[in-house]
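Participant: Give me coordinates for this.
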Amino acid sequence: MSGADRRRLYSRRTIWSGLAVFAAVAALSGLIDDTGKRYADEAFSRALITFAVARTLNGVISVAQGTEIAIEPGGVGVNFTVGQVLDPINDLVERFSAVMLVATSSLGLQNILLRMTTWWGTSLALVLAVVFTLVALWWPKLDQSTLRPLALRVLLVTVFLRFAVPILVIGSNLVFDTFLAAEQAAASQALDATRSEIELINENVAMPESDAEDQSVIERLSSMLDSSLDALNIGDRLNRLRDRVSNVSEHIINLIVIFLLQTIILPLVFLWLFVELLKLLAARATLRR
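Facilitator: Residues are numbered from 1 along each chain as shown. Down below sits the predicted model:
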């Protein structure tokens, strides 16, 4: 073996040794694990809150659906049909609730897998693989052995099992924080405001009416004035609700896209990238003298 080949061989061995030691240190230090757990908990909490908003919005829409508000200010009948206002988003909210259930379940699964991959037994398997790799790389009697490529492949498999889930969690949440967090917060606030508006209208519908037979003339006049004000107030709220409904569909669709990206598409993308990187390293795992 020429001097250049020998230097190249030792350089490759040194690189592989450095990667192996770095993997062991990363597994034992817990830095990647702690970051992944923090990101996973934050994502799961966001999904739970959004899912709760979606279910609550679905509930208040169901209560308001088909409701007709009848008020008679000054003896003139005024009817408001809340259900017609909410029809455009009724089915969409139900589908959004289903999507959020899937997204929340996906994040819960990621949390479980994260606990499994950060288990001490998985870290021990990685450390043993690192020791096996270092021995196979530097033990002189194994220069011509087939153990060296086998050791490197075992190392890559254990690295995948140990770090795949933390890396896809961290990568997905970094993309979310950089590009999607502000839009998700604005859309959730819009949904919550719409829910509050519908709840106010439902509460006004449920307000008990006074018994007109037991009222004096002054009380009846006061009641008629209150009815007129209520009609104007509810009508104004319905107009605002109409404006909200025209925009809330866009927010719901944005949230569906955001959570599908964060919980399904981005994790699969980062998992694929990690696998491709390990496959590329495995293709170079055979060291020659």
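
Participant: Every contact and neighbour count from this point should use C-alpha atoms.
Facilitator: OK.

Participant: How confident was the prediction at E219?
Facilitator: Confidence at E219, expressed as pLDDT, is 52.

Participant: Then L225?
Facilitator: 44.

Participant: Same question for the one helix or strand A40 maps to: list its buried residues.
Facilitator: Using DSSP states H and E, A40 sits within helix 31-64. Of all the residues in helix 31-64, those buried under the rule 16 or more other Cα atoms under 10 Å are 32-33, 36-37, 39-40, 43-44, 46-48, 50-51, 53-61, 64.

Participant: For that helix, what is the distance to the chain centroid?
Facilitator: Its chain's C-alpha centre and that of helix 31-64 lie 7 Å apart, by Cα atoms, centre = their mean, to the nearest Å.

Participant: And that helix, what does it pack against?
Facilitator: helix 82-117, helix 147-175, helix 181-205 (3 or more Cα pairs under 8 Å, 6 or more residues apart in numbering; DSSP states H and E).

Participant: Deepest-packed of those, please.
Facilitator: helix 147-175 (a mean of 21; mean count of other Cα atoms under 10 Å).

Participant: Would you quantify the distance from the residue nearest to M116 when sequence neighbours are not counted to L128?
Facilitator: Take M116 and drop its neighbours on the chain: the residue closest to it by Cα to Cα, 6 or more residues apart in numbering is T122, 8.0 Å away. In this view, T122 and L128 are 10 Å apart by Cα to Cα, to the nearest Å.

Participant: W272 too?
Facilitator: 26 Å.

Participant: again, but for A186
Facilitator: Distance of A186 to L128, computed by Cα to Cα: 48 Å.

Participant: now Q262
Facilitator: 34 Å.

Participant: So which of these two has more stuff around it?
Facilitator: For Q262 and L128, the more surrounded residue by other Cα atoms under 10 Å is Q262, and the numbers stand at 23 against 16.

Participant: can you pull the contacts of that one?
Facilitator: Contact analysis of Q262 by Cα atoms under 8 Å, 6 or more residues apart in numbering lists 172-173, 176.

Participant: Go again with 7 Å.
Facilitator: 172, 176 (Cα atoms under 7 Å, 6 or more residues apart in numbering).

Participant: Tell me how far K37 lies from L156.
Facilitator: Relative to L156, and taking Cα to Cα, K37 is found at 23 Å.

Participant: got it, and D87?
Facilitator: 54 Å.

Participant: ditto for L278
Facilitator: For L278, the distance to L156 - Cα to Cα - is 6 Å.

Participant: and what of V63?
Facilitator: For V63, the distance to L156 - Cα to Cα - is 56 Å.

Participant: same deal with E199?
Facilitator: 55 Å.

Participant: do V60 as well
Facilitator: 52 Å.

Participant: Phi and psi next, for A4.
Facilitator: phi -70, psi -40 (degrees, to the nearest 10).

Participant: What is the neighbour count of it?
Facilitator: Neighbours of A4 (other Cα under 10 Å): 9.

Participant: can you pull the contacts of it?
Facilitator: With Cα under 7 Å, 6+ apart, A4 has no contacts at all.

Participant: okay, it: pLDDT?
Facilitator: 75.

Participant: try V63
Facilitator: For V63, the predicted pLDDT is 77.

Participant: thinking again about what came up before, can you lay out the helices and strands packed on helix 31-64 as TSV showing distance to R12?
Facilitator: As requested, these are arranged in TSV below (distance: least, Cα to Cα, whole Å):
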stretch	distance to R12
helix 82-117	29
helix 147-175	12
helix 181-205	42
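
Participant: Quick check: buried residues in stretch 249-263?
Facilitator: For stretch 249-263, by 16+ other Cα under 10 Å, it's 249, 251-252, 254-256, 258-263.

Participant: Looking at those, which is nearest T118?
Facilitator: Nearest to T118 among these is T263, at 19.9 Å by Cα to Cα.

Participant: what sits against the closest one?
Facilitator: By Cα under 7 Å, 6+ apart, the residues touching T263 are 103, 106-107.

Participant: Name the nearest of the residues you listed relative to I167.
Facilitator: L107 (14.2 Å).

Participant: my read: the closest one touches S45, true?
Facilitator: No: when contacts are counted by Cα atoms under 7 Å, L107 is not listed as touching S45 (9.5 Å).
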